[in-house]
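Asks: Coordinates for the following, if possible.
(chains A and B)
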There are 2 protein chains.
Amino acid sequence: MDEERLLPAEARRRIRCNEWTRPTAGMASGYTQANMAILKKELAFEFLLFCQRNPKPCPVLDVTEPGLPIPRLVAPTADVRTDLPKYRIYRHGELTDEVHDILEYWEDDMVAFLIGCSFTFEYPLMNNGISIRHIDEHCNVPMYKTNIQTVKAGRFEGPMVVSMRPIPHEDVIRAVQVTSRFPSVHGAPVHIGDPAAIGIVDITKPDFGDSVSIRPNEVPVFWACGVTPQAIAMQVKPDLMITHAPGHMLITDKRDEDYAVL
Amino acid sequence: MDEERLLPAEARRRIRCNEWTRPTAGMASGYTQANMAILKKELAFEFLLFCQRNPKPCPVLDVTEPGLPIPRLVAPTADVRTDLPKYRIYRHGELTDEVHDILEYWEDDMVAFLIGCSFTFEYPLMNNGISIRHIDEHCNVPMYKTNIQTVKAGRFEGPMVVSMRPIPHEDVIRAVQVTSRFPSVHGAPVHIGDPAAIGIVDITKPDFGDSVSIRPNEVPVFWACGVTPQAIAMQVKPDLMITHAPGHMLITDKRDEDYAVL
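Replies: Purely as a prediction, here's the structure:
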C-alpha cells in the first residue's frame, strides 16, 4: 500500500486536507501512532497524575501546553485539531458528535494528552515471527474490563482495560521479552493464561473491539490497554472531552524504536 | 550497620522522631530512596509536564495530591513533612533555612514530587561487580552541568545535570545493560567517554558533589541526574519551594527491583 510508505508529515497533510478520513492502521509504517484525549486545563493535572500513577495502561507520549494544539515532543509540525482523521466529542460523558476536525471545539485552556498505543509493539512481535490474530482476521483487537484496579488520582479511578492476543505456547516467553523492551507503550503483559484470574468471565465476549479465535496450542496473553484512560476520564463526565475516534490516531514523527529501552 | 537492615517504616519512624538526622545512604538496603521537590499547586502541572518530557533526568516515582502529605504510591504510611532527616527551604530561589521537619511550612495547596535517585541503580552495578568510586572514596557523586538541553515545559527549562562514575573499559557495556533495566530511575547512561562532547570543561571540577579519581584503564560514564529538576525549578524562583537536603532522602516502601523493567 502506498500509505504504508508515507512519511508522517505527508500522511498528516493528507489527513488534514480530508484526503484520508479512514483508520490509520498501516499508514507511515515504523512511525509511532498515538491515542488522544483532550481535557480542559482544570482537569489536566489530575489526569496527568493518573497517567503517571498508571504507566502501563496510560503511557503518556506527549502533553500539549494549555491552549497550544502542537505536540512539540512527538510531532512539532502537527496540529492536534486537524491532523487526526476522525474525532469524538463527549459532553458530560455522552458521545454527542463525530467530526473530521475540532477547530470549532478548541478552547484556549485545552490540553491534549497523546498516549502510546499497542501498534508500537505489534510490529516488533511480528518481526519476531509472532503473528497478531486480529490483524490476520481483519478486525479490531479484543478488549476487556478487568478486576485489576488502577491507582486513583483525584477524581480519576476505575478498573484497567486490557487487550488480548492469543500466542502459541512456544512464543509466550519471547512475546514477554519483546514487549518488555517498550515500557513506554504498555510494556510487558499484565497477565498470561487465565482470563478468570483477572475478572474476565467470557473470553469470547470482549467489552470493546472484536472476538478473535484462540487455537488449542495457544494461550491468551493480556496487555494493559490505552482505552483505560479514556474510559476512566469518561466516568468523571467532564463538561467537554474530545478523543480520537477508535483506530483514527495521530501519526507522530517518532519511530517505534525510539520507545525501546533496549 | 544496623540501619542497613531496617525496614523502611522503622527507618522513617527513627527519622520522624529525630533519632536519625544524618544522610540516608545505606539505610534500609534494597529499598528505593527518593529525591523530593515540593511546589505550590499553581506550578505543579507545569513541573509534572517538565518531568514527563524529561524522564531520564526527572524520573517521577510519586506525586502527592495537593495538600495531602502522603506519598500513597511509594510509602502510604509516610508523611513527607516529617520523614526526611533534613529539608531545605528556598524563597524566590534563595536558600533561607535548613530544618528537620516542615510542619510549619506546609500549606494546603502544596504538591510533593518524589523523584528517582541513582542509589537504585548503584546496587545492581555493585552486584554485577562494578564498584562505585564515590562510595569507595566516601564522598558525594561528582555532578556536572552539561550542554544537553532539557525539553522545555511552561516556565521550566535549562541544561541537564549529569552524574559521573568512572568505569573500567571491560565493564562499560555491562554498566549500560544493567542500568538500562531501570528506565524509571535514570536508566541507561546519556554519554560515555568524552566530557567535552557534552560541554564539561574540566572533569576534575564538578559543579556539585565531589571530584573522584579516574584511573588509566577507566572511562567516565555519565548518567542523567536527579539534581536537574531541582536546579531547573530553582531558576523559576518560586515564592516557596522545599526540597530534601542533599543525601537526606525519603526512604520508600518500594524495592529497587520494583523499578526494573526486566
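
Asks: what helix or strand is the closest residue to chain B within chain A on?
Replies: In chain A, no residue comes nearer to chain B than A:Phe45, which is 4.2 Å away by C-beta to the nearest C-beta. C-beta: built from backbone N, CA, C; applies to glycine. Using DSSP states H and E, A:Phe45 maps to helix A:41-53.

Asks: So is the following helix or strand past that helix next to chain B?
Replies: Counting by DSSP H and E, the next helix or strand C-terminal to helix A:41-53 is strand A:60-63. Yes: counting by C-beta under 8 Å from any C-beta of the partner chain, chain B has neighbours in strand A:60-63: A:60, A:62-63.

Asks: TSV for those residues, including pLDDT and neighbour count?
Replies: Below are these laid out as TSV (pLDDT from 0 to 100; neighbours: other C-beta atoms under 10 Å in any protein chain shown):
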residue	pLDDT	neighbour count
A:Val60	95	22
A:Asp62	96	27
A:Val63	96	24
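
Asks: Now do the SS call for A:Thr243.
Replies: Counting by DSSP: H, G, I helix; E, B strand; the rest coil, the backbone at A:Thr243 sits in strand.

Asks: My read is that it contacts A:Met36, right?
Replies: Yes: between A:Thr243 and A:Met36 there is a contact under C-beta atoms under 8 Å: 6.1 Å.

Asks: higher neighbour count, those two?
Replies: The residue with more neighbours, out of A:Thr243 and A:Met36, is A:Met36; 26 against 23, by other C-beta atoms under 10 Å in any protein chain shown.

Asks: Show me what the nearest residue to the more buried one once chain neighbours are set aside is bridged to.
Replies: In space, A:Met36 comes closest to A:His244 once its chain neighbours are excluded; the distance is 4.5 Å by C-beta to C-beta, 6 or more residues apart in numbering or on different chains. For A:His244, the beta-bridge partners are A:Tyr87 (DSSP bridges).

Asks: Give me the neighbour count for A:His244.
Replies: If you count neighbours by other C-beta under 10 Å, A:His244 ends up with 25.

Asks: now do A:Val185
Replies: Neighbour tally, A:Val185, other C-beta under 10 Å: 26.

Asks: Backbone dihedrals for the nearest residue to it once chain neighbours are set aside, please?
Replies: Distance criterion C-beta to C-beta, 6+ apart; nearest residue to A:Val185, sequence neighbours excluded, is A:Gly116 at 3.5 Å. A:Gly116 adopts backbone torsions of phi -60, psi 150, taken as degrees, to the nearest 10.

Asks: Please apply the same query to A:Thr82.
Replies: phi -130, psi -20.

Asks: Would you agree it is in contact with A:Arg16?
Replies: Yes: when contacts are counted by C-beta under 8 Å, A:Thr82 is listed as touching A:Arg16 (4.7 Å).

Asks: Also compute the angle for the helix or strand of chain A with the lowest mean pLDDT relative to helix A:41-53, please.
Replies: Within chain A, no helix or strand scores below helix A:227-235, which has a mean of 86 by mean pLDDT, DSSP states H and E. Angle of helix A:227-235 versus helix A:41-53, following axes from the mean of the first three to the mean of the last three C-alpha atoms, to 10 degrees, is 150 degrees.

Asks: so what does helix A:227-235 touch, helix or strand wise?
Replies: In this structure, helix A:227-235 packs against strand A:31-40, helix A:41-53, strand A:159-168, strand A:240-244, with contacts taken as 3 or more C-beta pairs under 8 Å, 6 or more residues apart in numbering or on different chains; DSSP states H and E.

Asks: same thing but at 6 Å, please
Replies: strand A:159-168 (3 or more C-beta pairs under 6 Å, 6 or more residues apart in numbering or on different chains; DSSP states H and E).

Asks: Please identify the buried residues of the strand it packs on?
Replies: Applying a neighbour-count criterion of 16 or more other C-beta atoms under 10 Å in any protein chain shown, one finds A:159-167 buried in strand A:159-168.

Asks: and of those residues, the nearest to B:Val99?
Replies: A:Met160 (40.6 Å; C-beta to C-beta).

Asks: Please report the distance of that closest one from A:Val227.
Replies: A:Met160 sits 10 Å away from A:Val227, going by C-beta to C-beta, to the nearest Å.

Asks: residue ranges for the strands of the stretch 151-262 of chain A, please.
Replies: For the stretch 151-262 of chain A, strands defined by DSSP state E, counting those that start in this stretch occupy the ranges A:159-168, A:191-192, A:218-224, A:240-244, A:250-255.

Asks: between the ones you listed, which one is nearest to B:Met249?
Replies: Comparison of the strands of the stretch 151-262 of chain A against B:Met249 by C-beta to C-beta identifies strand A:218-224 as nearest, at 29.7 Å.

Asks: from the middle of its chain, how far away would the closest one be?
Replies: From the chain centre to the centre of strand A:218-224 is a distance of 17 Å (C-alpha atoms, centre = their mean, to the nearest Å).

Asks: likewise stretch A:88-104?
Replies: 18 Å.

Asks: Using PDB, write out every CA atom in that stretch.
Replies: Extracted C-alpha coordinates of stretch A:88-104, given in PDB (Å, rounded to 0.1, in the frame of the first residue of the first chain):
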ATOM      1  CA  ARG A  88     -15.300  12.100  19.000                       C
ATOM      2  CA  ILE A  89     -16.900  14.900  21.100                       C
ATOM      3  CA  TYR A  90     -18.200  13.900  24.500                       C
ATOM      4  CA  ARG A  91     -20.300  16.300  26.700                       C
ATOM      5  CA  HIS A  92     -20.900  15.200  30.300                       C
ATOM      6  CA  GLY A  93     -19.600  11.700  29.300                       C
ATOM      7  CA  GLU A  94     -22.100  11.300  26.400                       C
ATOM      8  CA  LEU A  95     -20.900  11.000  22.800                       C
ATOM      9  CA  THR A  96     -22.600  13.900  21.000                       C
ATOM     10  CA  ASP A  97     -20.700  14.200  17.700                       C
ATOM     11  CA  GLU A  98     -18.100  12.600  15.400                       C
ATOM     12  CA  VAL A  99     -16.200  15.100  13.300                       C
ATOM     13  CA  HIS A 100     -13.100  15.300  11.000                       C
ATOM     14  CA  ASP A 101     -11.600  18.300  12.700                       C
ATOM     15  CA  ILE A 102     -12.100  20.100  16.000                       C
ATOM     16  CA  LEU A 103     -11.300  23.700  15.100                       C
ATOM     17  CA  GLU A 104     -14.700  24.900  16.300                       C
END
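
Asks: what's in contact with it?
Replies: Applying C-beta atoms under 6 Å, 6 or more residues apart in numbering or on different chains, the contact partners of stretch A:88-104 are A:18, A:21, A:81-82, A:87, A:234, A:237, A:240-243, A:245.

Asks: still on that earlier bit, list the buried ones in the helix holding A:Phe45?
Replies: Under the neighbour-count criterion of 16+ other C-beta under 10 Å, helix A:41-53 has A:43-53 buried.

Asks: by contact count, what packs against that helix?
Replies: The contact analysis (3+ C-beta pairs under 6 Å, 6+ apart) places helix A:41-53 against helix B:41-53.

Asks: so the helix it packs on versus strand B:31-40, what angle?
Replies: Helix B:41-53 and strand B:31-40 meet at an angle of 140 degrees, taking the same axes, to 10 degrees as the criterion.

Asks: Residues contacting helix B:41-53, please?
Replies: Here helix B:41-53 makes contact (C-beta under 6 Å, 6+ apart) with A:44-45, A:48, A:60, A:63, A:73, B:39, B:58, B:60, B:66, B:109, B:111, B:151, B:153-154, B:156, B:238.

Asks: Let me know the angle separating that helix from strand B:240-244.
Replies: Using the same axes, to 10 degrees: helix B:41-53 against strand B:240-244 is 50 degrees.

Asks: Give me the distance from helix B:41-53 to the chain's centre.
Replies: On C-alpha atoms, centre = their mean, the centre of helix B:41-53 falls 17 Å from that of its chain.
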